[in-house]
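A.B. asks: just a sequence and a predicted model for now, questions to come.
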Amino acid sequence: MKLSHFNFKLPNELLAEYPSNHRDESRLMVLNKKNSKNRTQDFQGYC
């Protein structure tokens, strides 16, 4: 694994500067390794 694999551009307005007051409302980006598609999912639904 190379560090360069983690070098991607994200719009500044999508970057969290502070954690949410309601941490259980956090979202995850989930990457499907088979087809390289990504989606978001609520953290609660992932656990």
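C.D. replies: Okay, I see it. Source: prediction; values computed, not measured.
A.B. asks: for the protein, what spans make up the helices?
C.D. replies: Along the chain, counting by DSSP state H, helices occupy 43-46.
A.B. asks: tally of neighbours for residue 25?
C.D. replies: Using other Cβ atoms under 10 Å, residue 25 is surrounded by 10 other residues. C-beta coordinates here come from the backbone N, C-alpha and C atoms, glycine included.
A.B. asks: report pLDDT for it.
C.D. replies: pLDDT for residue 25: 79.
A.B. asks: now do residue 46
C.D. replies: 61.
A.B. asks: now residue 31: closest residue in space that isn't a chain neighbour?
C.D. replies: Of all residues not flanking residue 31 in the chain, residue 38 sits nearest, at 4.8 Å (Cβ to Cβ, 6 or more residues apart in numbering).
A.B. asks: quick one: contacts for that neighbour?
C.D. replies: 29-32 (Cβ atoms under 8 Å, 6 or more residues apart in numbering).
A.B. asks: then residue 27?
C.D. replies: Applying Cβ under 8 Å, 6+ apart to residue 27 gives the contacts 40-43.
A.B. asks: relative to residue 8, how far out is the residue nearest to residue 31?
C.D. replies: 11 Å (Cβ to Cβ, to the nearest Å).
A.B. asks: low-scoring pLDDT stretches of this structure, where are they?
C.D. replies: Counting by pLDDT under 70, the chain shows low-confidence ranges at 45-47.
A.B. asks: residue closest to the middle of it?
C.D. replies: Among the residues of the chain, the one closest to the centroid is residue 29, at 3.1 Å (Cα atoms, centre = their mean).
A.B. asks: who's that residue bridged to?
C.D. replies: Under DSSP bridges, the beta-bridge partners of residue 29 are residue 40.
A.B. asks: wait, doesn't it sit right on residue 40?
C.D. replies: Yes - Residue 29 is within contact range of residue 40, at 5.7 Å (criterion: Cβ atoms under 8 Å).
A.B. asks: show me where this structure has its strands.
C.D. replies: With DSSP state E, the ranges of strands along the chain come out as 27-31, 38-42.
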